[in-house]
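A.B. asks: need coordinates for the below:
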Amino acid sequence: MNLAITGNSGFVGVNLAPYLENKGNDIVGVSRTPLKPNELKYSGLNLTVWNSINAFVHLAGKAHDLKNTSKENDYYKVNTELTKILFDQFLESDCEIFIYMSSVKAAADNLEGKLYENFEPIPVTAYGKSKLAAENYILSKNIPENKRVYILRPCMIHGPNNKGNLNLLYSFVSKGIPYPFGKYFNKRSFVSIDNLCFIINELIDNNKIESGIYNIADDVSLSTIDLVRIISEVLNKPTRIMKLPKLFVRFLAKVGDLLLLPVNSERLQKLTENYVVSNQKIVEAIGKELPFTAKEGLRKTIGSFGKNI
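C.D. replies: Predicted coordinates for the structure are as follows:
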């Protein structure tokens, strides 16, 4: 197949492109600033190019700004308006498959219970709202019978050389510092880059899978204490967990806010909150088990960290 991928220089793209190439597909990247022979600018996506493509994977987007320096309009310009333009071009072309990489944050920033696809979206951040606006635009269009459209909502994506929110935990364990939040019992969903690439390939190859919204997550959710144990196992270090009183922990986080320390209120929330995502719909649609369990994927990711220090 001939496939086009936006955001091919990002973390997901640099893993997905070779994965799909190894499956026998020809890949062209779409970028604002093409650097390789097999890349083109968005302005180069004319009807002739679109008609030569079997599937279009739209990964490009403006990620959540942890420093909160981005303007709200910046998110809508990239996450919403660019998606509208690309989707309209797709509908006018012979291209058969459109995959839009949204996010669970389009549904909810905070969550009680488990997230299913029929959850009524209540995003809070500009990032989540802009992703949802793109989803709603796609869903508002009539999809021809010969086309398939998939909106993917992945939870936290991890993989080799991408520490993400695992960085602080890795620092704790690698330096022998006890994890201080042992009083908190939470559950979070993750998805490994290997499982995500597998799912996208299955969506492209299997024309029996219906168009729609699909949550993307690994088989089980894990607690932060589970993560600490997995990191300790990979590093062959003892698991050190402290059970400091929650009141004292919140006080330390407030101090961290004032002194700009690694442990602050935002980090505390991320490390201890619940965010469980159901992958039942996508797994049933594919009809196959994911290639990696949650723990196997995390071990692979964590094992890559020490090689790049």
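A.B. asks: in the stretch 151-300 of the chain, which spans are strands?
C.D. replies: For the stretch 151-300 of the chain, applying DSSP state E, counting those that start in this stretch gives strands covering 156-158, 190-192, 212-216, 276-277.
A.B. asks: kindly export stretch 241-250 (C-alpha atoms) in PDB.
C.D. replies: What follows is stretch 241-250, C-alpha atoms only, in PDB (Å, rounded to 0.1, in the frame of the first residue of the first chain):
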ATOM      1  CA  ILE A 241       8.700   2.800  49.000                       C
ATOM      2  CA  MET A 242       7.900   5.200  51.800                       C
ATOM      3  CA  LYS A 243       4.400   5.700  53.100                       C
ATOM      4  CA  LEU A 244       4.500   9.300  54.200                       C
ATOM      5  CA  PRO A 245       1.200  10.700  55.600                       C
ATOM      6  CA  LYS A 246      -0.800  12.300  52.800                       C
ATOM      7  CA  LEU A 247      -1.100  15.600  54.700                       C
ATOM      8  CA  PHE A 248       2.700  15.900  54.900                       C
ATOM      9  CA  VAL A 249       3.100  14.900  51.200                       C
ATOM     10  CA  ARG A 250       0.700  17.700  50.200                       C
END
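A.B. asks: got a list of contacts for that stretch?
C.D. replies: With contacts defined as Cβ atoms under 8 Å, 6 or more residues apart in numbering, stretch 241-250 is touched by 178, 179, 180, 181, 182, 183, 184, 225, 228, 252, 265, 268. Where you see a C-beta, it was placed from the backbone N, CA and C, and this is true even at glycine.
A.B. asks: how about 6 Å then?
C.D. replies: Stretch 241-250 is contacted by residues 178, 179, 180, 182, 183 when judged by Cβ atoms under 6 Å, 6 or more residues apart in numbering.
A.B. asks: which of those tops the neighbour count?
C.D. replies: residue 179 (23 neighbours; other Cβ atoms under 10 Å).
A.B. asks: how near is it to residue 42?
C.D. replies: 44 Å (Cβ to Cβ, to the nearest Å).
A.B. asks: just to revisit the earlier point, could you dump the contacts of stretch 241-250 into TSV with distance to residue 260 added?
C.D. replies: As requested, the contacts of stretch 241-250 are arranged in TSV below (distance: Cβ to Cβ, whole Å):
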residue	distance to residue 260
178	22
179	21
180	18
182	25
183	25
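A.B. asks: make a markdown table from those residues and add pLDDT to it.
C.D. replies: What follows is the contacts of stretch 241-250, written out as a markdown table (pLDDT from 0 to 100):
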| residue | pLDDT |
| --- | --- |
| 178 | 94 |
| 179 | 93 |
| 180 | 91 |
| 182 | 95 |
| 183 | 95 |
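A.B. asks: out of those, who's nearest residue 298?
C.D. replies: Using Cβ to Cβ, the shortest approach to residue 298 within the contacts of stretch 241-250 belongs to residue 179, at 15.5 Å.
A.B. asks: wait, the closest one touches residue 226, no?
C.D. replies: No: if you go by Cβ atoms under 6 Å, residue 179 and residue 226 don't touch, sitting 11.2 Å apart.
A.B. asks: give the burial count for the residue lying closest to residue 52 once chain neighbours are set aside, as a bare number.
C.D. replies: Among residues not flanking residue 52 along the chain, residue 2 sits closest, at 5.8 Å (Cβ to Cβ, 6 or more residues apart in numbering). If you count neighbours by other Cβ under 10 Å, residue 2 ends up with 14.
A.B. asks: identify the bridge partners of residue 2.
C.D. replies: Residue 2 has these beta-bridge partners by DSSP bridges: residue 26.
A.B. asks: buried residues of stretch 289-303, list them for me.
C.D. replies: By neighbour count with 16 or more other Cβ atoms under 10 Å, stretch 289-303 contains the buried residues 290, 292, 294, 295, 296, 297, 298, 299, 300, 301, 302.
A.B. asks: let me know whether the third one touches residue 217 as I believe.
C.D. replies: Looking back up the chat, that one is residue 294. No: Residue 294 lies out of contact with residue 217 (Cβ under 6 Å); the separation is 8.5 Å.
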